[in-house]
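**Q** Pasting a predicted model and its sequence here:
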Amino acid sequence: MKKFLKSTTAYTDMRDAFFEELFQIALHDHDVILLHADQGAQTFQKFYSSLPKQIFNAGVAEQNMISVAGGLALSGKKVFVHAISTFITLRCYEQIKVDLSVMNLPVTIAGVGPGFTYGADGPTHHSNQDIAIMRAIPHMRILNATDFFNLAVFPHLTYSKPQLTYIRFEKGNFPDLYSSRIDSIPDGLAMLKPGKKFCFITTGTITHKAIDIAKNLKEKSDLDIAVIDIYQLKPLNEKILKKLIEPFEVVFTLEEHLSYGGLGTIVSDFLADHSIKTDFLRIGLPDGHCFIYGDRDYMHKQIGIASDQVIRKIDKFLRSR
Amino acid sequence: MDINSLKQKAKWVRKKSFQMQIKAKKGHLGGALSITDILVAIYYSGIFNLSHKKKKDPERDRIIFSKGHACLALYCVLADKGYFPKTELDKYGQNGTILGGHPDHFIPGVEVSSGSLGHGLGLGCGLALSAKLDEKNFLTLVILGDGECSEGSVWEAASFAAQQKLSNLIAIVDNNKVAATSFTKDFTGNSSMHMKWKSFGWNTIQIDGHNFKQIISAFKKLKQMKNSRPSIIVANTVKGKGISFMENDYHWHHGVPKGEQIQLAKKDLGLT
């Protein structure tokens, strides 16, 4: 895989990490096409000024954008499509199935705003079931960014190993977890903090919270919880995951997605498929739509996944064993 | 092929489509009969760059059969043109056939999978856009149903095609005015199909979709069109064309004739 990674200070927004890397790829390959549904990122201006035949605003019409992507891919174009996560998955779900998956076309679907990225914008903008539905699409690879270091590799990954892919990523910036792990990003998962007996499995930027909770617990109690981040949710790297979770007696999943259908279900399927007997607790969002408006911390508190609430859930579960 | 030969070919397609449906006891015959003449004109007139020997040729014209349920007629034409053996037609609807109730992309001559309505025009836009970007000369033809034009995605694509100046895109609406359980106007109102497309900035031509002279004249005119607009042919057709009791009757969207109806149909098609 050719690397175009920039220095650690180059990016201040996740979107730029993705689109700047994509721009570098597109400069070298004029078959790379970016379609967006009237969605912006700073790098788009570079596309429009330097590569005007490689970027198209498909308008507020996600269904057609996916179909157009399918037609372009049939002609050998390497197509990336972009919109808000929930719109580019749910709104055009059948187009993804029929126009991309049925014909196994290697289009990359890049959605911004997983979980509560657009928390204050209400449930129309929350993206809490996208993993569940995209997982049900045959041939679909699912990547979920943790920081801009692993996100910056994703366009290179999908370009060099073409496959129908859904990438979900945040706006804004998150602390560095992967700058020292760039070469192993194709593994799809990584243990970010070691531990004893107990293990968090997380995905996306809530991984940062899991690490904070684990560190906090280690300082204040005898609990030493490991943290494994799965950023490639499908296909799951079962071989490495099996090896990583082997030493642990208890597995907790933590996600900013419905607690069913997403990471929790992926891990429980994995445990069942491999007859791995371990105590297991899924922590995620309850069944329902969220009508609470505020920043992420506020919403987590109201919905029951603030750090102290997660710790209480863990404590209750461990006491019930 | 001259017009009389085209008419004879269309007669054969109608007969064969009927026989396939009767044998399989399934299939959407009504819409297959309405699109037959247009399909025959596309594949046999020599106007378009189509051949089973060129099915991977990057310069071949692309036919997107968006109203996939009418595939009986498409299968007959493709087999007759040599894309796959005619013996496959007799296996339609049987276990293990390559010819499903809706066409899939792996069938020789079928460019895209279809069946769910409202997908073909967007896919066609992508193909037409790629031709423009790569400065290729192929045309993309998309065959739509008038019932299908109730799908919002059709109009998303109509808007996109006009905005991107996809002059290499031609759509054809099989305007048979009959859907699966009612007349199309019962759910769309009495709005004009032709005016809708015109208002989206498309070149529009209205024809009798069973008149070869008009069909061919429309194809030639649109191929020579010099402006930057996409084009549409609103082909007024008759659902169930050629079998008198099926004509303009929605029961024959996917109804299969039985008993005396089979004999009547055979008589109409010249099979007795």
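**A** Looks like it arrived, so ask away. Numbers count the residues shown, from 1 in each chain, chains lettered A, B, ... in the order given.
**Q** Wait, a strand at residue B:135?
**A** No: counting by DSSP: H, G, I helix; E, B strand; the rest coil, residue B:135 is not found in a strand; it is coil.
**Q** how close does it sit to residue A:74?
**A** Counting by Cβ to Cβ, to the nearest Å, the gap between residue B:135 and residue A:74 amounts to 17 Å. C-betas here are computed from N, CA, C, even on glycine.
**Q** Also residue B:265?
**A** Taking Cβ to Cβ, one finds residue B:265 at 38 Å from residue A:74.
**Q** Just want to know which of the two has more residues nearby.
**A** The residue with more neighbours, out of residue B:265 and residue A:74, is residue B:265; 25 against 20, by other Cβ atoms under 10 Å in any protein chain shown.
**Q** Checking my notes, the more buried one in a strand, right?
**A** No: with three-state DSSP as the criterion, residue B:265 is assigned helix and is not in a strand.
**Q** separation between it and chain A?
**A** Residue B:265 sits 33 Å away from chain A, going by Cβ to the nearest Cβ, to the nearest Å.
**Q** what's around the closest residue to that residue other than its chain neighbours, how many residues?
**A** Excluding the flanking residues, the one nearest residue B:265 by Cβ to Cβ, 6 or more residues apart in numbering or on different chains is residue B:243, at 4.7 Å. Using other Cβ under 10 Å, residue B:243 is surrounded by 22 other residues.
**Q** What residues does residue 143 make contact with?
**A** This is for chain A. Residue A:143 makes contact with A:154, A:157, A:158, A:165, A:166, A:167, A:168, A:231, A:232, A:233, according to Cβ atoms under 8 Å, 6 or more residues apart in numbering or on different chains.
**Q** my bad, chain B
**A** By Cβ under 8 Å, 6+ apart, the neighbours of residue B:143 are B:35, B:38, B:39, B:63, B:64, B:65, B:66, B:67, B:120, B:171, B:172, B:174.
**Q** tell me the secondary structure for the fourth one?
**A** Spelled out, it's residue B:63. Secondary structure, three-state DSSP: residue B:63 is strand.
**Q** Assign the spatially closest residue to it that is not a sequence neighbour to one of the three secondary structure states.
**A** Leaving aside its sequence neighbours, residue B:63 sits nearest to residue B:141 (Cβ to Cβ, 6+ apart; 5.2 Å). In three-state terms, and counting by three-state DSSP, residue B:141 is strand.
**Q** What separation is there between residue B:141 and residue B:64?
**A** Taking Cβ to Cβ, one finds residue B:141 at 7 Å from residue B:64.
**Q** which neighbours do the two share?
**A** residue B:124.
**Q** name the element residue 48 belongs to?
**A** I'll assume chain A. helix A:44-50 (DSSP states H and E).
**Q** My question was about chain B, not that one.
**A** Using DSSP H and E, residue B:48 falls outside every helix and strand.
**Q** wait, it sits on residue B:38?
**A** No: counting by Cβ atoms under 8 Å, residue B:48 does not reach residue B:38; the two are 12.0 Å apart.
**Q** which of those two has more neighbours?
**A** residue B:38 (26 against 20).
**Q** so what's the more buried one up against?
**A** B:143, B:172, B:174, B:209, B:215, B:235, B:237 are the contacts of residue B:38 under Cβ under 8 Å, 6+ apart.
**Q** Which parts of the stretch 101-250 of chain A are helices?
**A** A:130-135, A:148-160, A:206-220, A:238-245 (DSSP state H, counting those that start in this stretch).
**Q** can I get those in TSV with mean pLDDT, distance to residue A:253 and mean neighbour count?
**A** Converted to TSV, the helices of the stretch 101-250 of chain A look like this (pLDDT from 0 to 100; distance: least, Cβ to Cβ, whole Å; neighbours: other Cβ atoms under 10 Å in any protein chain shown):
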stretch	mean pLDDT	distance to residue A:253	mean neighbour count
helix A:130-135	98	12	23
helix A:148-160	96	19	23
helix A:206-220	96	10	18
helix A:238-245	98	11	16
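**Q** would you list these in JSON lines and tack on distance to chain B?
**A** Shown next, in JSON lines, are the helices of the stretch 101-250 of chain A (distance: least, Cβ to the nearest Cβ, whole Å):
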{"stretch": "helix A:130-135", "distance to chain B": "17"}
{"stretch": "helix A:148-160", "distance to chain B": "18"}
{"stretch": "helix A:206-220", "distance to chain B": "34"}
{"stretch": "helix A:238-245", "distance to chain B": "30"}
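**Q** so which of those helices gets nearest residue B:87?
**A** Closest of the helices of the stretch 101-250 of chain A to residue B:87 is helix A:130-135, at 40.9 Å (criterion: Cβ to Cβ).
**Q** Which strands or helices does the closest one pack on?
**A** helix A:85-89, strand A:141-144, strand A:165-169, strand A:232-234, strand A:250-258, helix A:263-273 (3 or more Cβ pairs under 8 Å, 6 or more residues apart in numbering or on different chains; DSSP states H and E).
**Q** Would you mind giving the ones you listed as a markdown table with distance to residue A:38 and mean pLDDT added?
**A** Listed next are the helices and strands packed on helix A:130-135 as a markdown table, based on distance: least, Cβ to Cβ, whole Å; pLDDT from 0 to 100:
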| stretch | distance to residue A:38 | mean pLDDT |
| --- | --- | --- |
| helix A:85-89 | 10 | 98 |
| strand A:141-144 | 24 | 98 |
| strand A:165-169 | 18 | 98 |
| strand A:232-234 | 28 | 98 |
| strand A:250-258 | 25 | 98 |
| helix A:263-273 | 30 | 98 |
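**Q** To residue B:195, which of the ones you listed lies closest?
**A** helix A:85-89 (30.7 Å).
**Q** Is that closest one in proximity to chain B?
**A** No: on the criterion Cβ under 8 Å from any Cβ of the partner chain, helix A:85-89 is out of touch with chain B, staying 13.2 Å away.
**Q** Following the chain past that helix, name the next helix or strand.
**A** Next element after helix A:85-89 (DSSP H and E): helix A:93-95.
**Q** other SSEs contacting that following helix?
**A** If you count contacts as 3+ Cβ pairs under 8 Å, 6+ apart, helix A:93-95 packs onto helix A:62-74.
**Q** Name the residues of the helix it packs on that are buried.
**A** A:62-74 (16 or more other Cβ atoms under 10 Å in any protein chain shown).
**Q** Just put those residues in CSV and tack on pLDDT and distance to residue B:255.
**A** Formatted as CSV, these follow (pLDDT from 0 to 100; distance: Cβ to Cβ, whole Å):
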residue, pLDDT, distance to residue B:255
A:62, 98, 36
A:63, 98, 31
A:64, 98, 33
A:65, 98, 37
A:66, 98, 34
A:67, 98, 31
A:68, 98, 36
A:69, 98, 37
A:70, 98, 32
A:71, 98, 34
A:72, 98, 39
A:73, 98, 37
A:74, 98, 34
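**Q** All good on my end, thank you.
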